[in-house]
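[1] I'll drop the sequence and a predicted model, then ask my questions.
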Amino acid sequence: MSMKEPKTTISVQELIAEKSNRGLLALIEKIMPKLLFLIAAVSVLTTIGILFTLIVETGIFFSRVPIIEFITGREWYPFANSTPTYGILPLVVGTLKITGIAILVAVPIGIATAIYLSEYASRRVRKIIKPILEVLAGVPTIVYGFFALTFVTPILRSMFPEISIFNAISPGIVVGIMITPMIASLSEDAMNSVPNSMRDGAYALGSTKLEVALKIVLPAAISGIVASTVLAISRAIGETMIVAVAAGSTPRFDADLTGSIQTMTAYIVQVATGDAGYGTTIYYSIYAVGFTLFLFTLVMNMLAQYISKRFREEY
Amino acid sequence: MNYINHEQVAAKTKSRLIKNNILKGLFLAATMFGLIVLAILLFRIVTQGSEYLSFDFFTRFASRIPENSGIKSAFLGSIYLMLVVAPVSMFLGVGTAIYLEEYAKKNKMTDFIRINISNLAGVPSVVFGLLGLTIFVRYFGLGISILAAGLTMSLLILPVIIVASQEAIRAVPGELREASFAMGATKWQTILRVVLPTAIPGVLTGSILALSRAIGETAPLVVIGIPTILMFTPNSLLSTFTALPMQIFDWTKRPQVAFHDVAAAGIIVLMTLLIIMNSIAVFIRNKYQKRF
Amino acid sequence: MTTSVKPKIDVPEKEEVKKNKSSVYKTEGLNLWYGTNHALKNIELDIKENEVTAIIGPSGCGKSTYIKTLNRMIETIPSVKTSGAINYRGRNIFSKEYRVEELRTKVGMVFQKPNPFPKSIYDNIAYGPRIHGIKNKKILDEIVEKSLRGAAIWDEVKDRLNENAYGLSGGQQQRICIARCLAIEPDVILMDEPTSALDPISTLKVEELVQELKKDYSIIIVTHNMQQAARISDKTAFFLNGEVIEYDSTDKIFSNPSDKRTEDYISGRFG
């Protein structure tokens, strides 16, 4: 036996031998990974649930409305009494109008902000501005919708009287404001990961900050910037409350921005808040529109992932 | 012969510097744009809404008359909704993060789960509404209830919580795990007693930020079909209910301008809740930041 | 260079090594691979109880790998493969029915970098007993005090047991880690370069502590510091390229090594 003298009255090893329940611990070791796997599977089940929901209900919709009419139709009059028509193009056009305006607002402002924060701003300024941008990104979309309808639209109308209460421009601008922080912060991340040695090389040749930013940093970070823009487009396409509040509910297949329009998301809201009963064609139409929306955003998200993976700069 | 004429360079430098300064001003202006918009937005809402904001605003139900309108049912509904969303989303989110960071083997299945999570994060919230309407409200028969809406919202913010928890768990130094294993601890004991307690500030910060997104989220509630005018407060998980953003949406849509001011009062309450949650998150982040 | 091969290190007088101590660790034909890299080659070592055994050698010689194999911590690296046997108190630690948790309850470890948990000092020390099912507060109190005294840090921390261990200095943190290890009263303590991250004064304290602990524990210590090995160990094993070149009493190794490579190493020719 060991030559240890007992130092105190208790022997920890004996207590351990008496108390510890190795059988139970071993059982837990076996069960936990499986349990946690089941929990992790919930996220996969969610995707399956979304796909299942959209596919099944859209299937019912297409059993009543020809798929060709849905994809190519230029008229969306589901509420017409005699002959409702379900051509989705007007809703897609509405979504594109909003997205286009939003991108025109958000890309220049977002990238300029990113350049300022990553190339010009002092550490202190950055520490103040970044949390404010986070707050801006965290403002609920219904608040932005309220802002569009009660502030931006009246201002636009006082400058251009031909704009109606519901229009594409005001919600488009506000959606742009909403996605600006996203572009700014993701682009800034991309610019920050450009190594300083590249900047130093250019500075040593006598470049100004602007030249370094535009000719060195921007090209080096371009894949991150493009990916952030694509993600922002996806967000703009899926944005719901701003357009539901401020864009109106008139599906139109034209290029007019001043009048009431309707996007895919706003249509879903219109039906959900209306009195279309369960089982009607209108009810199923929101799934077909939702499915279209889902495909649009999925393509954009995958494109963003592809860009940032495929064109990731190796420094 | 010199290729570079230094006099010319010097002359040009001046214009290059001017250009630099002009654009710096433009970049700064763009940065300030966001701040100015936020300031205007807050100012507008406070000036519009403060008139209707009173103690009674919290104790009254919605009404046909702007002066009599209140957020009693909406405010309580939002709180109850969070009482479902917080435990469900954190349980699922932290569990998934533990699985991915501590147990998952490097194989196709794990890759698939990861890719799936990042794609799920990009699904528009209105589509989650369709999921909730079909699966929870109809198939599960939960009706237009707190539970149905809470589960939908939980799935909506799940990717955010998973990613934040993964980062927090990944930041726990390997030496701490080693120390625990070397004491004879099992893997689960190590996770429960060392990894999670060390990661909890990061997990909480991310979760609170995700919850603050859920509390302002409107579109899924609209699609599920929760009512806007409700003259009672919910008394069980299966009660129907309304929520703050839903109430704000309803008031915003009304043609009477007075209701816009009521909506602004509701927005003040919502934004105050958000700011409180964000402050707690920032407080936790700063208090427990990087101690190893 | 001089042709003198006398080691420059003074070897302190040691009490005479007692005969017929029993073995704690008997390593027989141990081989270890990281993927295809053969890191330990046919190791044979017989480590006795209540001694300090130092393992020295240049970086990459396998000394850290070996000590991490003794409590199977090496298995946290997925690509590791082993063959041969390590018998701890007569039982092969690689055998299927030997649960790794059980082994590690008997064999404590102190790491290169102090790694206290981000918990209170008290909770750090109580960690081991708690995971092994001891919940009684009075017993825990007693264990905590005894362990902190055992690690010669009780007087420095007794008034702030509830403070976070990260508030302590590096040297104190390392002694907390030693106390944490003592709390489950292990049979053997493995120390993997325990002073490499410490200042000279903290190093001295840990070395004194090792001398003290030797009375109750068997200690195996990996060190890159030859003076340290000479100062504190009874036996020394010299590792080179994954092999044990020489294993003998510390006095012998540092005064009259039998292998030329040992001599070169301790006289500072390489490493």
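    Sure, I can see it. Residues are numbered from 1 along each chain as shown, chains lettered A, B, ... in the order given.

[2] only C-alpha atoms for contact and neighbour calcs from this point on.
    Will do.

[3] mean confidence for whichever strand or helix holds A:S158?
    According to DSSP states H and E, A:S158 maps onto helix A:153-159. Mean pLDDT, helix A:153-159: 96.

[4] excluding chain neighbours, what is closest to residue 154?
    This is for chain A. Nearest-residue entry for A:P154: A:I165, 7.8 Å, with adjacent residues in sequence omitted and distances by Cα to Cα, 6 or more residues apart in numbering or on different chains.

[5] looking at chain C here, not the other one
    C:L148 is the one closest to C:W154 (Cα to Cα, 6+ apart), at 4.7 Å.

[6] give the rounded mean pLDDT of the helix or strand hosting that neighbour.
    If you go by DSSP H and E, C:L148 is part of helix C:137-150. Average pLDDT, helix C:137-150: 93.

[7] same deal with stretch A:276-290?
    92.

[8] what's it in contact with?
    A:54, A:57-58, A:60-61, A:64, A:78-79, A:88, A:264-265, A:267-268, A:271, B:126-127, B:130 (Cα atoms under 8 Å, 6 or more residues apart in numbering or on different chains).

[9] redo that, cut-off 6 Å
    For stretch A:276-290, contacts defined as Cα atoms under 6 Å, 6 or more residues apart in numbering or on different chains pick out A:L54, A:T58, A:F61, A:I268.

[10] got CSV for those residues, with neighbour count and pLDDT too?
    Output for the contacts of stretch A:276-290, formatted as CSV (neighbours: other Cα atoms under 10 Å in any protein chain shown; pLDDT from 0 to 100):
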residue, neighbour count, pLDDT
A:L54, 24, 97
A:T58, 20, 97
A:F61, 23, 96
A:I268, 28, 96
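
[11] now render these as a markdown table, adding secondary structure and distance to C:I139.
    Converted to a markdown table, the contacts of stretch A:276-290 look like this (DSSP: H, G, I helix; E, B strand; the rest coil; distance: Cα to Cα, whole Å):
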| residue | secondary structure | distance to C:I139 |
| --- | --- | --- |
| A:L54 | helix | 61 |
| A:T58 | helix | 66 |
| A:F61 | helix | 70 |
| A:I268 | helix | 65 |
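
[12] farthest pair in the residues you listed?
    Greatest spatial distance in the contacts of stretch A:276-290: A:F61 and A:I268, 14.3 Å, computed using Cα to Cα.

[13] from A:G110, how far out is A:Y144?
    As for A:Y144, its distance to A:G110 is 18 Å (criterion: Cα to Cα, to the nearest Å).

[14] try B:G184
    Distance of B:G184 to A:G110, given as Cα to Cα: 52 Å.

[15] so for those two, which residue has more residues nearby?
    Using other Cα atoms under 10 Å in any protein chain shown, the more surrounded residue of B:G184 and A:G110 is A:G110, with 32 against 25.

[16] that one: which element?
    Using DSSP H and E, A:G110 falls in helix A:89-115.

[17] quick check: domain ranges of chain A?
    A:12-64, A:85-310 (automatic domain parsing).

[18] identify, out of these, the most deeply packed stretch.
    Per-stretch averages of neighbours, counted by mean count of other Cα atoms under 10 Å in any protein chain shown, single out domain A:85-310 among the domains of chain A, with a mean of 21.

[19] end to end on that domain, go ahead and measure it.
    Domain A:85-310: ends 42 Å apart by Cα to Cα.

[20] if we go by neighbour counts, what in the helix or strand where C:Y25 lies is buried?
    Taking DSSP H and E as the criterion, C:Y25 maps to strand C:23-34. Neighbour counts using 16 or more other Cα atoms under 10 Å in any protein chain shown place C:S23, C:V24, C:Y25, C:K26, C:T27, C:E28, C:L30, C:N31, C:L32 of strand C:23-34 among the buried residues.

[21] turn these into JSON lines, including distance to chain A.
    Converted to JSON lines, these look like this (distance: Cα to the nearest Cα, whole Å):
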{"residue": "C:S23", "distance to chain A": "11"}
{"residue": "C:V24", "distance to chain A": "10"}
{"residue": "C:Y25", "distance to chain A": "14"}
{"residue": "C:K26", "distance to chain A": "16"}
{"residue": "C:T27", "distance to chain A": "20"}
{"residue": "C:E28", "distance to chain A": "23"}
{"residue": "C:L30", "distance to chain A": "26"}
{"residue": "C:N31", "distance to chain A": "29"}
{"residue": "C:L32", "distance to chain A": "27"}
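
[22] reformat those residues as CSV; add distance to C:I189 and pLDDT.
    Shown next, in CSV, are the buried residues of strand C:23-34 (distance: Cα to Cα, whole Å; pLDDT from 0 to 100):
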residue, distance to C:I189, pLDDT
C:S23, 14, 88
C:V24, 11, 91
C:Y25, 12, 94
C:K26, 15, 93
C:T27, 17, 94
C:E28, 20, 93
C:L30, 20, 95
C:N31, 22, 94
C:L32, 22, 95
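
[23] where in the stretch 1-150 of chain A is pLDDT low?
    A:1-9 (pLDDT under 70).

[24] give me that answer again for 50
    Low-confidence regions of the stretch 1-150 of chain A, defined by pLDDT under 50, span residues A:1-7.

[25] strands along that one, start to end?
    Using DSSP state E, counting those that start in this stretch, the strands found in the stretch 1-150 of chain A span residues A:76-77, A:85-86.

[26] out of those strands, which gets nearest to chain C?
    strand A:85-86 (57.8 Å; Cα to the nearest Cα).

[27] what does the closest one contact?
    A:F70, A:W76, A:Y77, A:P78.

[28] can you get me a residue count around the second one?
    This points to A:W76. Count around A:W76 with other Cα under 10 Å applied: 21.

[29] touching, it and A:L89? I think so.
    No: contact between A:W76 and A:L89 fails when scored by Cα atoms under 6 Å: they sit 7.9 Å apart.

[30] center of the chain, which residue is that?
    In the absence of a named chain, chain A is used. Central residue of chain A (Cα atoms, centre = their mean): A:R235, 3.2 Å from the mean position.

[31] look at chain B instead
    B:R213 (2.1 Å).

[32] how about the contacts made by the residue nearest to A:L149 when sequence neighbours are not counted?
    Leaving aside its chain neighbours, A:L149 sits nearest to A:A246 (5.1 Å; criterion: Cα to Cα, 6+ apart). Neighbouring residues of A:A246 by Cα under 6 Å, 6+ apart: A:L149, A:F166, A:P171.

[33] now the single nearest residue of the stretch 151-271 of chain C relative to chain B. Nearest residue, chain neighbours left out?
    Of all residues in the stretch 151-271 of chain C, the one sitting closest to chain B is C:C181 (7.0 Å; Cα to the nearest Cα). The shortest distance from C:C181 to any non-neighbouring residue, by Cα to Cα, 6+ apart, is to C:G108 (5.5 Å).

[34] cool, and C:A197?
    Nearest one to C:A197, counting by Cα to Cα, 6+ apart, is C:K113 at 5.9 Å.
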